[in-house]
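coords please:
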Amino acid sequence: MKIIYFILLSLVVVSCQNQGKMEIEKAKLATVDSMKVEMEKQRVIDSMQVEMVKIEEAKIETQKEVVVVNQQAPGTTTTTTNSTTTRKKGWSSTAKGAVIGAGVGAATGAIISKKKVQGAIIGGVAGAGIGAGTGAIIDGSKKE
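Model prediction:
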């Protein structure tokens, strides 16, 4: 009888050890799989960034203008080519003031009001109006 107990005990110990090894292998496989998923995500992000750079370069190329002037003098032809890039203007002070005012007003309205959403909306609208007015005054003074 002691032999049977000894055999059963040894089987339990051996099976527990194998189960621990199987758990470790499963954890390793799960880690490798998650790393593969992350690498795939990063590859997609990298390819999107490359495409965005290509799109930006194409925008820059389309912004260039080529002017060709033909002048004919007696017996000669002259061709002049000028490449110019158009430069985008930044935001006006009115637009900046409206955006900043809306953000500050919405935050202040949400903090002060008991009804957070309603306070944020009212504060945002009021802040945008005040900010746009202030920006318009700044724009007017810059023109002078």
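
tell me the secondary structure for Lys114?
When states are read from DSSP: H, G, I helix; E, B strand; the rest coil, the local structure at Lys114 comes out as coil.

Report the contact partners of it.
Not one residue lies near Lys114 by Cβ atoms under 8 Å, 6 or more residues apart in numbering. Bear in mind the C-beta positions are built from the backbone N, C-alpha and C, glycine included.

Could you give the backbone dihedrals for Ser141?
The phi and psi values for Ser141, taken as degrees, to the nearest 10, are phi -70, psi -30.

Need the pLDDT of it.
Residue-level confidence at Ser141 comes out at 86, pLDDT.

number of nearby residues for it?
Ser141 sits with 9 neighbouring residues when counted by other Cβ atoms under 10 Å.

Tell me how far it lies from Gly101.
18 Å (Cβ to Cβ, to the nearest Å).

Likewise for Lys28?
For Lys28, the distance to Gly101 equals 56 Å [Cβ to Cβ].

Look at those two and report which has more neighbours.
Taking Lys28 and Gly101 together and counting by other Cβ under 10 Å, Gly101 has the greater number of neighbours (23 against 10).

my guess is that one contacts Ala136, does it?
No: Gly101 sits out of contact with Ala136 when judged by Cβ atoms under 8 Å, with a separation of 11.7 Å.

Mind jotting down where the strands sit in this structure?
With DSSP state E applied, the chain shows strands at 64-73, 76-85, listed in chain order.

If you average pLDDT per helix and strand, which one of the chain comes out bottom?
In the chain, no helix or strand scores lower on mean pLDDT, DSSP states H and E than strand 76-85, which sits at a mean of 54.

Return the distance of the residue most central in space within the chain relative to Thr62.
Taking Cα atoms, centre = their mean as the criterion, Gln49 is the residue nearest the geometric centre of the chain, at 10.5 Å. Spatial separation of Gln49 from Thr62 under the definition Cβ to Cβ is 21 Å.

Go through the protein and flag its longest helix.
Among the elements of type helix in the chain, defined by DSSP state H, the one spanning the most residues is helix 2-63.
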